[in-house]
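**Student:** Quick one: sequence plus predicted model below, questions after.
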Amino acid sequence: MTAEATGEWHGWRTAAEAALYAPGGFYRRPEGPAGHFRTSVHASPLFARAVAELLCRVDEALGRPPALDLVDMAAGRGELITGVLGALPAEVAARTRAYAIEIADRPDALDHRIEWLPEPPSRMTGLLFANEWLDNVPVEIAEVDPAGVARRVLVRRDGTERLGEPVAGAEAEWLERWWPLGGVAGARAEIGLPRDEAWAAAVATLDRGLAVAVDYAHTSATRPPFGTLTGFREGRETTPVPDGSCDITAHVALDACARPGAALLTQRAALHTLGLTGTRPPLELASTSPAEYVRALATAGQAAELTATGGLGDFGWLIQPVGIPNVLVQGQGAARPH
């Protein structure tokens, strides 16, 4: 193809921003994210119930305020926040102000209690929950050239890449601190600075409460040598091409995003703390109450998927308290029946 047919060269951050969020971009499509990939939210209603339990713990730590805020970042079509509202005790639900943060249009059938916004409000008191948001905050890609210099990767609309200028300034400082490439030719990294900034801005909207980011993640000890940039379309992983035809995502350096006082957990550990263990019901129940046994077995299977090693259970949870104890790590309060 000619340059005219495929477009000009851009850094991956600019190219992905247009492909995902511009008019006609991937995340503005009517089918929404659920039409292309399955998150924990879509895997089981137990995930929303666990977030409802977490909101109840935050409510207690805040002293049960007259208004309790729930912010769902990158809300998709409102599946998670709808499930959380449905799982809350009536008294807590009556005090909850629910905000779905999403650039796509509001779904017609969305619960009227949910306010649909492009950005989170400020001065919130409650829980800000970001499930698979940060991995879709576009970032620049760096690659080391044969001379050992880390350079920005440029891309055209058809996915063709070339190396651009050397990485410099704040981006170079971020790489040195969080993802040093060591001058190894061909090594690649995603420069997570925009995600650090996006997370800091989201946390800053809370006066008091808890902010939680859940995502594909890695830390300094487990950085992949060639990065994680990839695409998804119709449930399958695919080559990342910034033409609006697929999701473009990369795992998140959650340790770089963390603010002072934060904690990092796996989803498996976080959900165990919130009462989801995947433990099978006792076999005796099959004889005494077969219907109850079948229901309990199905619930255990869903919980096992959400906490599975090598799957959803390996997701990272970044837990950032603001003016309250870290109620998830400390495990304050017993899990409530749902």
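**Tutor:** Sure, I can see it.
**Student:** quick one: what helix or strand has Asp162 in it?
**Tutor:** Not Asp; residue 162 is Arg. Per DSSP states H and E, Arg162 falls inside strand 161-166.
**Student:** pLDDT on that strand, on average?
**Tutor:** Confidence over strand 161-166, taken as the mean pLDDT, stands at 98.
**Student:** List the contacts of it.
**Tutor:** Contact partners of strand 161-166, identified using Cβ atoms under 8 Å, 6 or more residues apart in numbering, comprise 9, 11, 143, 145, 149-155, 172. To be clear about C-beta, it is placed using only N, CA and C from the backbone, and glycine gets the same treatment.
**Student:** next structured bit after it?
**Tutor:** That would be, after strand 161-166 and using DSSP H and E, helix 169-178.
**Student:** and the end-to-end length of stretch 184-202?
**Tutor:** Distances were taken as Cα to Cα, to the nearest Å; on that basis the terminal residues of stretch 184-202 are 35 Å apart.
**Student:** in this protein, which spans are helices?
**Tutor:** Counting by DSSP state H, residue ranges of the helices within the chain are 3-6, 12-21, 40-43, 45-61, 79-87, 90-95, 169-178, 193-203, 254-257, 267-273, 284-288, 290-306, 327-330.
**Student:** Now do the fifth one: everything it contacts.
**Tutor:** To tie it back to what came earlier, the one meant is helix 79-87. For helix 79-87, contacts defined as Cβ under 8 Å, 6+ apart pick out 34, 41-42, 45, 47-49, 51-52, 55, 70, 72, 75, 93, 96, 98-100, 110-111, 113-114, 129, 131, 338.
**Student:** quick one: that helix to helix 45-61, angle?
**Tutor:** Comparing the axes of helix 79-87 and helix 45-61 via axes from the mean of the first three to the mean of the last three Cα atoms, to 10 degrees yields an angle of 60 degrees.
**Student:** Please identify which of the helices of the chain is closest to Ala104.
**Tutor:** Closest of the helices of the chain to Ala104 is helix 12-21, at 9.4 Å (criterion: Cβ to Cβ).
**Student:** quick one: least confident helix or strand in this protein?
**Tutor:** In the chain, the helix or strand scored least confidently by mean pLDDT, DSSP states H and E is helix 3-6, which has a mean of 42.
**Student:** Quick check: buried residues in stretch 140-158?
**Tutor:** 140-144, 149-157 (16 or more other Cβ atoms under 10 Å).
**Student:** pLDDT score assigned to Pro30?
**Tutor:** Confidence for Pro30, expressed as pLDDT, is 74.
**Student:** can you count the residues close to it?
**Tutor:** 9 (other Cβ atoms under 10 Å).
**Student:** Ok, the one 10 residues further on next?
**Tutor:** A count of nearby residues for Ser40, using other Cβ under 10 Å, gives 24.
**Student:** Let me see the contact set for it.
**Tutor:** Under the criterion of Cβ under 8 Å, 6+ apart, the neighbours of Ser40 are 47, 131, 214, 267, 306, 312, 315.
**Student:** distance of the spatially most central residue of the chain from Ala170?
**Tutor:** Most central residue of the chain, judged by C-alpha distance to the mean C-alpha position with Cα atoms, centre = their mean, is Glu132 at 2.0 Å. Note on Glu132: its distance to Ala170, by Cβ to Cβ, to the nearest Å, is 26 Å.
**Student:** ok, and for stretch 158-169, which residues are buried?
**Tutor:** With the criterion 16+ other Cβ under 10 Å, stretch 158-169 contains buried residues 163-164, 167.
**Student:** List just the nearest of the residues you listed to Leu88.
**Tutor:** Top of the list for closeness to Leu88, among the buried residues of stretch 158-169 and by Cβ to Cβ, is Val167 at 46.0 Å.
**Student:** Next up, the contacts around the closest one.
**Tutor:** Val167 is in contact with 140, 142, 150-152, 175, 191, counting by Cβ under 8 Å, 6+ apart.
**Student:** In strands, which of those fall?
**Tutor:** Secondary-structure check on those using DSSP state E: residues within strands are 140, 142, 150-152, 191.
**Student:** Of these, which pair is most distant in space?
**Tutor:** The largest distance within the ones in strands among the contacts of Val167, taken as Cβ to Cβ, falls between Arg151 and Ile191 and amounts to 11.6 Å.
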